[in-house]
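In: Below: sequence and its predicted model.
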Amino acid sequence: MRMGLPVHHLDAMLWRAGWVMTDRETEERTQREVVATDRWIIDGNFGSTMVIRFPRAQAIIWLDYPTWLAMWGVTRRVAHEKGRVRDDMAQGCPERWDLGFYKWVLEFRQKQRGHILEHIRDFGSHARLVHITRRSQLPSALVQLECPTS
């Protein structure tokens, strides 16, 4: 729990052992069940289902890191966690080197940033937007969310 709220990791909710993704119906149903509750934090991207989460969100924390920083983070994470299942990942999905995932990260900002902005505008404009572009911004942003100013 963070800020007294239950945390739901999309990767843990939507992947199955052996790196098998759940079907679309299950993906949507699972997220609808979480957002139907009053209080939650959902960690993850899954752009196609932002339309489910954003309308019910009070705050959206957007980690909009430059590609080099995202690649550094993934590389560091894999180097430290290789072969282990992270706490925010489904059982049976150990951290691994995955060229397809690296390609996705390399192309993500160019291909998806515009879609994220559209989803925020169309489905999350009521929510407090916390736009993080550097890792150093994250701690103070989280403190502000925990203790909002009037």
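Out: On my side now, so go ahead.

In: hmm, who's touching the lowest-mean-pLDDT helix or strand in the chain?
Out: When the helices and strands of the chain are scored by mean pLDDT, DSSP states H and E, helix 138-146 comes last with a mean of 85. With contact meaning C-beta atoms under 8 Å, 6 or more residues apart in numbering, helix 138-146 is reached by R2, M3, A59, I61, L63, R128, V130, I132. Just so you know, the C-beta spots here come from the backbone N, C-alpha and C atoms, and that holds for glycine as well.

In: Pull the distance from it to the chain's centre.
Out: 17 Å (C-alpha atoms, centre = their mean, to the nearest Å).

In: Assign a three-state SS to M89, would you?
Out: With DSSP: H, G, I helix; E, B strand; the rest coil as the basis, M89 sits in coil.

In: Can you show me the strands along the chain?
Out: Using DSSP state E, the strands of the chain run over 7-9, 15-16, 20-21, 41-43, 59-63, 128-132.

In: of the contacts of helix 138-146, closest to M71?
Out: L63 (13.6 Å; C-beta to C-beta).
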